[in-house]
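take this sequence and fold it.
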Amino acid sequence: MTENSFIPVIDLAPARAGDIALAGKQIHHAFITSGFCYVKNHGIPDAYIENLRRESLDFFHLPLSEKDQYRPKQAVRGFNALNRTIMYGAERPDYKEFFQIGPEFPPDGMESPPQNDLQGPNVWPEGRPAFRQAFLNYYQAAAQCGQLLLKAVANSLNLDSNFFEKKYHYPLQRTQTIWYPPAQMPADTTSITYGVAPHTDYGCITLLWQDDTGGLEVQNLQNEWVPAAPVPGTLVINIGDLLCRWSNNRYRSNMHRVLNKSGKERFSIATFYDPDFDAVINPRDLGLPEGQASCYEPVTAGAYIMGRIRDSQQKNKSKK
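Model prediction:
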């Protein structure tokens with residue numbers, strides 16, 4: 001356990017060796033309480049993390065005019081500048097920059113990618129092949145970890161361990177590197193400058209690597225903010241709204257935030273490992289406990305996620 005016993009550390013080594021049940025049991029406990037856990041032996045090589053960290057920071061440290069050439073044209077891919085989004089209830093936009101990619105489809109036309117608001121061509125900075133390769137290496141390794149975690153989640157819900165596979169043919173996996181500049185104090189000192197304001201994640205499962213700066217905080221059962229301090233060699237895992245809905249509220253999509261009080265820059269890598277755009281999220285599919293009614297009507301993954309994204313961007317526009 002970490003110093004914060006509210007967020008347990010789960011060893012994925014047994015699951016990687018085929019013992020899914022043990023990880024499933026531990027995940028069940030974590031997700032009905034905090035909705036968060038750390039995982040070690042996650043399978044993403046340290047070299048992949050370090051290469052992506054180095055290449056991303058080199059990019060984020062460029063002048064804004066140069067980075068702005070790679071703003072999203074479609075499918076929420078590319079560079080997102082400061083003040084791009086604002087979370088519900090926040091007084092001002094998140095104080096962060098991020099660069100996001102999604103799945104790359106073969107260029108020879110052998111595979112026809114789905115056409116929707118979340119899937120399309122990636123945007124890559126010109127003259128930075130190492131940046132692209134570092135992103136793709138990490139992206140693929142994170143997907144493998146996500147697949148393993150979902151097997152454990154299925155097991156934890158007494159489902160076949162391959163339950164989620166049929167919903168992940170063209171997954172809405174988005175991986176983003178996130179740069180938090182040292183926070184600037186606002187003129188109005190009664191409000192807080194958040195790296196990310198309090199929110200729940202939109203999709204099914206999130207995999208987060210964070211540097212040693214700190215700043216991630218999670219709401220406990222008493223609605224107090226407790227730190228999810230960096231633990232070397234681990235990822236932070238949490239569920240989002242879609243898995244909460246899918247589990248009929250058995251699993252908790254928990255509020256969390258980033259408050260960078262360190263006085264220095266902060267860096268993290270987030271992967272949102274979500275189902276196909278048209279995948280139907282229906283609590284009845286996961287088996288409702290006897291006598292329990294469904295809390296939610298079915299919804300498609302893409303419609304729900306895009307609704308949350310558009311809401312955050314529209315709120316930002318209304319603040320201007």
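
show me the helices in the stretch 1-150 of the chain, by range?
13-16, 20-33, 46-60, 64-67, 129-156 (DSSP state H, counting those that start in this stretch).

so which of those helices is nearest Asp274?
Nearest to Asp274 among these is helix 129-156 (9.2 Å), distances taken as C-beta to C-beta. No exception for glycine: its C-beta is placed from N, CA and C like everyone else's.

what comes up buried for the closest one?
Residues 131, 134-139, 141-143, 145-146, 148-156 are the ones in helix 129-156 that count as buried (16 or more other C-beta atoms under 10 Å).

after it comes which helix or strand?
Sequence-wise, the next helix or strand downstream of helix 129-156 (DSSP states H and E) is strand 174-180.

strands paired with that following strand, and their directions?
Strand 174-180 pairs in its sheet with strand 97-101 (antiparallel), strand 266-273 (antiparallel), by DSSP bridges.

out of those strands, nearest to Gln173?
Of all those, strand 266-273 sits nearest to Gln173, with 5.3 Å by C-beta to C-beta.

could you list the low-pLDDT ranges of the stretch 151-300 of the chain?
The stretch 151-300 of the chain contains residues with pLDDT under 70 at 183-191.

swap in 80 and give it another go.
183-192, 289 (pLDDT under 80).

helices along that one, start to end?
Under DSSP H, counting those that start in this stretch, the stretch 151-300 of the chain gives helices at 241-246.

all strands for it, in order.
Per DSSP state E, counting those that start in this stretch, the stretch 151-300 of the chain carries strands over the ranges 174-180, 196-199, 205-210, 216-219, 225-227, 234-239, 256-258, 266-273, 280-281, 299-300.

could you give the angle of the third one to strand 234-239?
For strand 205-210 against strand 234-239, the angle between stretch directions is 150 degrees (axes from the mean of the first three to the mean of the last three C-alpha atoms, to 10 degrees).

listing partners with orientation, what would you give for strand 205-210?
Strand 205-210 sits in its sheet next to strand 234-239 (antiparallel), strand 266-273 (antiparallel), going by DSSP bridges.

repeat that for the fourth one.
Using DSSP bridges, the neighbouring strands of strand 216-219 in the sheet come out as strand 225-227 (antiparallel), strand 256-258 (antiparallel).
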